[in-house]
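Trainee: Show me how the following folds:
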Amino acid sequence: MAARHGSFKFAADELCVTPSAISHRMRQLERTLGLQLFERRTRSLELTSAARRLRAQVEPLLEAIERSLAQLELSE
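Mentor: Okay, here's the model as predicted:
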């Protein structure tokens, strides 16, 4: 969501958490992956080239999970 919104604040609003919580989780993820995912600007975020490549790989998988869950809900 932070990638989509270009902002930890807007992502936090959507998830009903604080921007600080989003920021801490993103830094933790960056440490775990050993990659910088965001270029942090004064009032916005931009994905790094590594993050854009990762997003291109992961996004279709997340969409497939979402479709599968929706199908399960329909079958109940």
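Trainee: ranges for the helices of the chain?
Mentor: Applying DSSP state H to the chain gives helices spanning 2-5, 8-15, 19-33, 49-75.
Trainee: For Arg43, which of the ones you listed is the nearest?
Mentor: Proximity to Arg43 (CB to CB) singles out helix 8-15 among the helices of the chain, at 9.3 Å. C-beta: built from backbone N, CA, C; applies to glycine.
Trainee: re earlier: would TSV of the helices of the chain with distance to Arg43, mean neighbour count and mean pLDDT be doable?
Mentor: As requested, those are arranged in TSV below (distance: least, CB to CB, whole Å; neighbours: other CB atoms under 10 Å; pLDDT from 0 to 100):
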stretch	distance to Arg43	mean neighbour count	mean pLDDT
helix 2-5	12	17	83
helix 8-15	9	17	92
helix 19-33	12	14	95
helix 49-75	19	10	93
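Trainee: Out of those helices, flag the one nearest Thr42.
Mentor: The closest of those to Thr42 is helix 8-15. By CB to CB, the value is 12.6 Å.
Trainee: quick one on the thing from earlier: reformat the helices of the chain into TSV and put distance to Glu39 next to each item.
Mentor: TSV is the format used below for the helices of the chain (distance: least, CB to CB, whole Å):
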stretch	distance to Glu39
helix 2-5	11
helix 8-15	13
helix 19-33	12
helix 49-75	9
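Trainee: out of those, nearest to Arg41?
Mentor: The minimum distance between Arg41 and these falls on helix 8-15, with 11.5 Å, by CB to CB.
Trainee: and that closest one, how far out from the chain's middle?
Mentor: With CA atoms, centre = their mean, to the nearest Å as the basis, helix 8-15 stands 11 Å off its chain's centre.
Trainee: again with stretch 25-34
Mentor: Taking mean C-alpha positions (CA atoms, centre = their mean), stretch 25-34 and its chain are 12 Å apart.
Trainee: who touches it?
Mentor: 2, 8, 36-38 (CB atoms under 8 Å, 6 or more residues apart in numbering).
Trainee: same deal with stretch 50-62?
Mentor: Under CB under 8 Å, 6+ apart, the answer for stretch 50-62 is 3, 35-38, 47.
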